[in-house]
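K.L.:
Quick one, structure for this:
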Amino acid sequence: MQLEGKVAAITGGTRGIGRGIAEAFLREGAKVAINGRSLEKGARALAEMGAGPNAAFFPGDVLKQADVNAFIDDAVTRFGRIDILVCNAGGAGGFAPVAELDDESWQLAIDWNLNHTFWAMRRALKYMIPQQSGRIINISSVEGKHGKPGIAGYVTAKHAINGLTKSAAKEVGTLGITVNAICPGFITTDIVRESGAAAAAAMGLTFTQMVDLFSSESAIKRENTVEEVAAMAVLLASDVAAGITGALLSVDGGTAAY
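P.N.:
Sure, this is the predicted structure:
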C-alpha cells in the first residue's frame, strides 16, 4: 500500500500502459481518475478494474487544452486533491519519411504527445504547488533517446517531453514535487496493434519483422511489458522516490544507449 491516501490522474488510462498503471496504483491504495475519448471504453475499464468509488472516468480529448484542464479539475473535485499526474496519452500520429510527412500528421504527433503533456502538467502544478507536494510522471519512449525512420513527429515530441521533464524538475524541486519521465521500450499494446502495420510499412517492414527488429535491439531480446512500466511508475509515485527527479528512466530492456 505504497500509495495509500494518494490521488492520481492518468491521461489515456482506459487501455495499454495507462490502464496498467491505473491498476497498479489502485492495488497500492491510491484513488485513480482516468480519461479517454470513449465513454464505452471508460465504463468498461472501470467495470473490469472493479475499484468501485476509488476509480473514476472522465471523458475528454487530450488534443483539446480545455478537455485536459477539465480532466484535472474534475479529478480534484471528485477526490479532493491531486498527488500524482501520469501523462500517458500519445501515439505516432502519422507514418512517413520527413520529406513526405504532411503538416496535419506532424501537428497531431506534437499535440497528442507534447502539448497534452504540457497542458496537463501546468494544470496539475496549479494544485501541487500550493500543497507543496506532488509526483509528475511523463510517459516518454525509448524513441525519446534516439531516432527511428518514419515516425519523426513522435520521436521529436518524445525528445521534447524529456526536455520539458528536466526543466520542470528544476523549477519545482524545492517544493516537494518531483518530475520524471519513463521511457518504455517496444510493447505490443492495443494501439500498437491497431497502427502497427502502417508504422512497419513506413520502415519498409511487415508488422512481424518490425516486432522482431525492435526486440533484437534490446539486451533482453524480447518486448517489454506493461507491468514492467507500471512497476516503475509505482516507484516514482511513492514517498521513497522523493530524491528522484529530472530523470529519464528507461524500461526498455537495455535498448537505449543511455
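
K.L.:
ok, which stretches of the chain are helices?
P.N.:
For the chain, the helices defined by DSSP state H cover 16-27, 39-49, 65-79, 103-109, 116-131, 152-172, 190-202, 207-216, 226-237.

K.L.:
I'd like a version of those in JSON lines, one that adds distance to Ala96 and mean neighbour count as further columns.
P.N.:
Glycine gets a C-beta too; all of them are placed from N, C-alpha and C. Output for those, formatted as JSON lines (distance: least, C-beta to C-beta, whole Å; neighbours: other C-beta atoms under 10 Å):
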{"stretch": "helix 16-27", "distance to Ala96": "23", "mean neighbour count": "24"}
{"stretch": "helix 39-49", "distance to Ala96": "28", "mean neighbour count": "15"}
{"stretch": "helix 65-79", "distance to Ala96": "26", "mean neighbour count": "19"}
{"stretch": "helix 103-109", "distance to Ala96": "7", "mean neighbour count": "16"}
{"stretch": "helix 116-131", "distance to Ala96": "22", "mean neighbour count": "20"}
{"stretch": "helix 152-172", "distance to Ala96": "8", "mean neighbour count": "20"}
{"stretch": "helix 190-202", "distance to Ala96": "6", "mean neighbour count": "16"}
{"stretch": "helix 207-216", "distance to Ala96": "15", "mean neighbour count": "15"}
{"stretch": "helix 226-237", "distance to Ala96": "28", "mean neighbour count": "20"}
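
K.L.:
quick one: which of those is nearest Gly246?
P.N.:
Distance to Gly246, taken as C-beta to C-beta, is lowest for helix 152-172 among the helices of the chain, at 3.4 Å.

K.L.:
Now do the closest one: distance to the chain's middle.
P.N.:
12 Å (C-alpha atoms, centre = their mean, to the nearest Å).

K.L.:
what helices or strands is that helix leaning on?
P.N.:
Applying 3 or more C-beta pairs under 8 Å, 6 or more residues apart in numbering; DSSP states H and E, we find helix 152-172 packed against helix 103-109, helix 116-131, strand 134-139, strand 177-184, strand 248-251.

K.L.:
so how far is the first one off the chain centroid?
P.N.:
For helix 103-109, the distance between its averaged C-alpha position and the chain's averaged C-alpha position is 19 Å (C-alpha atoms, centre = their mean).

K.L.:
Show me what it packs onto, helices and strands only.
P.N.:
The contact analysis (3+ C-beta pairs under 8 Å, 6+ apart) places helix 103-109 against helix 152-172.

K.L.:
and the helix it packs on with strand 177-184, angle?
P.N.:
Angle between the axes of helix 152-172 and strand 177-184 is 160 degrees (criterion: axes from the mean of the first three to the mean of the last three C-alpha atoms, to 10 degrees).

K.L.:
angle of helix 152-172 against helix 190-202?
P.N.:
Using the same axes, to 10 degrees, the inter-axis angle of helix 152-172 relative to helix 190-202 is 130 degrees.

K.L.:
Correct me if wrong: Asn113 contacts Ala157.
P.N.:
Yes: applying C-beta atoms under 8 Å as the test, Asn113 and Ala157 come out as touching, 3.6 Å apart.
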